[in-house]
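# Here is a sequence with its predicted model. Questions after.
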Amino acid sequence: MSFPAFWLMQQSKFERNEATEADSPIQKVLDLAYLVSVIDYSAWPGLDGFAKFIGLHSKTLQRELTRHDTTGAELVGSAKMRQAEQWLTEGRLSITKIGKNLGYKNLSAFTRTCRRWFGSSPCRLRHDLDGR
């Protein structure tokens, strides 16, 4: 594994069980899930580029994800969804900026995805989250 990938993996927010090896398959998936959540999606290199960045062949990464019943698209989608919810809750960024930061080319694409994720538009979601 390359140095940047190793360092980023060590930054994982998931607690490590002392009895579990750091290189166990489940820990690698948890670390990968965290890594995906901190990527700058406006410059997302795709799963092949991401695999190269973390020092794996893209087929190896796909096999590992399949072993854990997930796909790269699901992993990226869930990370983007969590990040969108966080940014919408914080209210510091405009909805357009959130969409761009997550790699959407225009606001309508981000809005469609928010409707699929949350069942409402980003404007409505932000309004509802403010009311909590």
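Now that the structure is in, tell me what you want to look at. Numbering: from 1, shown residues only.

# CA atoms for contacts and neighbours, from now on please.
Will do.

# how about the nearest residue to residue 126 once chain neighbours are set aside, what does it touch?
In this structure, residue 126 finds its nearest non-sequential neighbour in residue 88, 5.4 Å apart by CA to CA, 6 or more residues apart in numbering. Residues in contact with residue 88, defined by CA atoms under 8 Å, 6 or more residues apart in numbering, are 95, 98, 122, 125, 126, 129.

# now residue 121
Neighbours of residue 121 in contact, by CA under 8 Å, 6+ apart: 111, 112, 114, 115.

# can you redo these as a markdown table with secondary structure, pLDDT and distance to residue 83?
Shown next, in a markdown table, are the contacts of residue 121 (DSSP: H, G, I helix; E, B strand; the rest coil; pLDDT from 0 to 100; distance: CA to CA, whole Å):
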| residue | secondary structure | pLDDT | distance to residue 83 |
| --- | --- | --- | --- |
| 111 | helix | 96 | 15 |
| 112 | helix | 95 | 16 |
| 114 | helix | 95 | 12 |
| 115 | helix | 95 | 15 |
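
# could I get those as a markdown table with distance to residue 105?
Below are the contacts of residue 121 laid out as a markdown table (distance: CA to CA, whole Å):
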| residue | distance to residue 105 |
| --- | --- |
| 111 | 11 |
| 112 | 12 |
| 114 | 14 |
| 115 | 17 |
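
# Now list the buried members of those.
Among the contacts of residue 121, those classed as buried by 16 or more other CA atoms under 10 Å are 111, 114.

# now, among the contacts of residue 121, which is nearest to residue 74?
residue 114 (14.9 Å; CA to CA).

# gap between the closest one and residue 121?
6 Å (CA to CA, to the nearest Å).

# circling back: may I ask which two of the contacts of residue 88 are separated the most?
Greatest spatial distance among those (CA to CA): 98 and 129, at 15.6 Å.

# Between the two, tell me which one has more neighbours.
residue 98 (22 against 14; other CA atoms under 10 Å).
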